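Enquirer: Structure for this input, please:
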Amino acid sequence: MLRRRVPRRAVERVAAGYVLNLGAEERELVARMLGELRDLLLSEDPQSAPLVRRLFPPAYLGDDHAEAESDYQRFMREELVASRLAAINAVEEMLRGSSPFDESTAMGLLQSLNNLRLVLGTMLDVGEEHDPRDVDDDDPRAGEHHLYSFLSWLVNELVDALSGN
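Expert: Numbers count the residues shown, from 1 in each chain. Below is the predicted model of the structure:
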């Protein structure tokens, strides 16, 4: 009897936690992008501010709450950056290994991948109507759109694994 081989998921739940089924090149790509995200988070360059704006959403909206929003950003930004950097560090360590990782690392991976998507989506001016099939291969940013699609797929795979699907 022939058994049909079921393709492996990018992220699988196993008895010991979760396994990331990516090849060495894909792991290196994610690690390189995480390094770039770390650099952006630590950057004092005002030109990088628009790229990371979506990583620090406002807590208070409207002109009448501008002072409260300024206080919130001033007090919380350092803590938010620290949590993002800790997640990046844990994910980079996981990417170098081959053993299963725990739910905490899986959540850090989810946060880090989503942060990469937000930065890349901001850079590409991606909206809700974005369809990667609409991007021509000769578009100068076709590669970045492919990266955005890869990250979106990986986030979806991770969400499925975390939710037990």
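Enquirer: Tell me how many other residues crowd residue 44.
Expert: Other residues near residue 44 number 6, with proximity taken as other Cβ atoms under 10 Å. Glycine gets a C-beta too; all of them are placed from N, C-alpha and C.
Enquirer: which other helices and strands contact the helix or strand residue 25 falls within?
Expert: Assigned by DSSP states H and E, residue 25 falls within helix 24-42. Helix 24-42 is packed against helix 49-52, helix 66-96, helix 103-124, helix 142-162, with contacts defined by 3 or more Cβ pairs under 8 Å, 6 or more residues apart in numbering; DSSP states H and E.
Enquirer: closest one to residue 133 among the ones you listed?
Expert: helix 142-162 (9.3 Å; Cβ to Cβ).
Enquirer: What angle do helix 103-124 and that closest one make with each other?
Expert: Relative orientation of helix 142-162 versus helix 103-124 (axes from the mean of the first three to the mean of the last three Cα atoms, to 10 degrees): 150 degrees.
Enquirer: so how far is helix 142-162 off the chain centroid?
Expert: 8 Å (Cα atoms, centre = their mean, to the nearest Å).
Enquirer: what do you get for stretch 114-129?
Expert: Distance, centroid of stretch 114-129 to centroid of chain: 10 Å (Cα atoms, centre = their mean).
Enquirer: What residues of that stretch count as buried?
Expert: Across stretch 114-129, burial judged by 16 or more other Cβ atoms under 10 Å covers 114, 115, 116, 117, 118, 119, 120, 121, 126.
Enquirer: which helices and strands sit right next to the lowest-mean-pLDDT helix or strand in the chain?
Expert: Ranked by mean pLDDT, DSSP states H and E, the weakest helix or strand in the chain is helix 49-52, scoring a mean of 88. Here helix 49-52 touches helix 24-42, helix 103-124, going by 3+ Cβ pairs under 8 Å, 6+ apart.
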